[in-house]
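1. here you go, sequence then predicted model.
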Amino acid sequence: MTSNETIWRATVLTLFPEMFPGPLGVSLAGKALASGLWALEARDIRDSATDRHRSVDDTPAGGGPGMVLRADVLAAAIDAADAVPDCVKDRPRLLMSPRGRPLTQSRVMELAAGLGPLIVCGRFEGVDQRVIAGRALEEVSIGDYVLSGGEIAALALIDACVRLLPGVMGKLASGADESFSDGLLEYPQYTRPQEFEGQPIPEILLSGDHAKVAAWRQAEAEALTRAKRPDLWAIKVNQKRPKSTTDG
Ligand code: ADE
């Protein structure tokens, strides 16, 4: 087991700490958590409230619907998390928010290669802007839809990181041969039975010719990406384009 100082650790600030580890406590991530390959600390933002009612939110300045997470309470929660002995200094501080930059596999790989982020889960209408700026929070979105809070987004982000940590996937591929890691969607997979509802497994996959199989998979991955994700395909094509002398 790795020492406490070097273990990949996610610290989550939330109003619902009981949502963690949740699904991260089972399967691959759960086994790795239990065996100490990574660590998870869920901290209750409400513990940093100072008034009698332990309030964490208030009405938006300027009016409007909903409630906003208070800057003073959240800043105190972040500072308290940073003051934990042994915690990594200068780790990425993320704020899960539909307004953030969309999460990508390359950002996941960066986060997994570090010592683990601090993740703030927003609720209500949002978070006071001054704490976002004052604590340098990087806003991260997991898609263009609105969840009722950042917790499920944080679980998704942590899961994507944890499966890349050394030792977590065991004998499975390191993640190098899968969707997004090379900018393409994954090729189709097949297993037994050889024929299912009249559809056979593509013959080439049973040929035993590894080079042909690899070429077929590459072609399928490219065709799928072009058809389903023209946005990703355009990036891929651009990367392949030789740099002209007038570029940059
Ligand atoms: N919180 C609410 N919706 C979200 C989203 N789409 N991504 C990240 N955090 C969120």
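-> On my side now, so go ahead.
2. mind giving me the packing neighbours of the biggest strand by length in the chain?
-> In terms of residue count, the longest strand belonging to the chain (DSSP state E) is strand 93-102. Packing partners of strand 93-102 (3 or more Cβ pairs under 8 Å, 6 or more residues apart in numbering; DSSP states H and E): strand 118-121, strand 126-127, strand 138-141, helix 151-162. In this view, the C-beta of every residue, glycine as well, is placed from N, C-alpha and C.
3. what residues sit buried inside the helix or strand following that strand?
-> Using DSSP states H and E, the helix or strand that directly follows strand 93-102 along the chain is helix 105-113. The neighbour-count check on helix 105-113 (16 or more other Cβ atoms under 10 Å) flags 105, 107-108, 111-112 as buried.
4. what's the closest of those residues to the ligand?
-> Of all the buried residues of helix 105-113, residue 107 has the smallest distance to the ligand: 12.9 Å, by Cβ to the nearest ligand atom.
5. ok, that closest one to residue 158 distance?
-> As judged by Cβ to Cβ, to the nearest Å, residue 107 and residue 158 stand 13 Å apart.
6. quick check: chain neighbours aside, which residue is closest to the residue nearest the centre of the chain?
-> Centroid check for the chain by Cα atoms, centre = their mean gives residue 157 as the closest residue, at 2.0 Å. Closest residue to residue 157 apart from its sequence neighbours, by Cβ to Cβ, 6 or more residues apart in numbering: residue 103 at 6.2 Å.
7. give me every residue that touches that neighbour.
-> Listed by Cβ atoms under 8 Å, 6 or more residues apart in numbering, the contact partners of residue 103 are 140-142, 156-157, 160.
8. and the gap between the residue nearest to the centre of the chain and residue 113?
-> Using Cβ to Cβ, residue 157 is found at 14 Å from residue 113.
9. then residue 10?
-> To residue 113, residue 10 is 14 Å away according to Cβ to Cβ.
10. please apply the same query to residue 240.
-> 25 Å.
11. same thing with residue 19?
-> Counting by Cβ to Cβ, the gap from residue 19 to residue 113 is 26 Å.
12. check residue 234 too.
-> Computed as Cβ to Cβ, the residue 234 to residue 113 distance reads 27 Å.
13. do the same with residue 68
-> Going from residue 68 to residue 113 by Cβ to Cβ gives 34 Å.
14. do the same with residue 79
-> When distance is defined by Cβ to Cβ, residue 79 is 26 Å away from residue 113.
15. quick one: the helices in the protein?
-> Secondary structure of the chain (DSSP state H): helices located at 27-34, 71-82, 105-113, 129-134, 151-162, 210-228, 230-240.
16. most packed of the ones you listed?
-> Mean neighbours per residue, mean count of other Cβ atoms under 10 Å, is largest over the helices of the chain for helix 151-162, with a mean of 22.
17. put the alpha carbons of that one into CSV.
-> Listed next in CSV are the C-alpha coordinates belonging to helix 151-162 (Å, rounded to 0.1, in the frame of the first residue of the first chain):
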residue,chain,number,x,y,z
GLU,A,151,-22.4,15.6,-6.4
ILE,A,152,-23.3,13.3,-9.3
ALA,A,153,-20.9,15.2,-11.5
ALA,A,154,-18.1,14.9,-8.9
LEU,A,155,-18.8,11.1,-8.7
ALA,A,156,-18.5,10.8,-12.5
LEU,A,157,-15.2,12.8,-12.5
ILE,A,158,-13.7,10.8,-9.7
ASP,A,159,-14.7,7.5,-11.3
ALA,A,160,-13.1,8.6,-14.6
CYS,A,161,-9.8,9.4,-12.7
VAL,A,162,-9.7,6.4,-10.4
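18. so which elements touch it?
-> strand 8-14, helix 27-34, strand 93-102, helix 105-113, strand 118-121, strand 138-141.
19. for that helix, which outside residues touch it?
-> By Cβ under 8 Å, 6+ apart, the residues outside helix 151-162 that reach it are 8, 10, 12, 14, 16, 19-20, 22-24, 28-29, 32-33, 38, 40, 94, 96, 103, 105, 108, 111-112, 116, 119, 121, 140-142, 147, 168.
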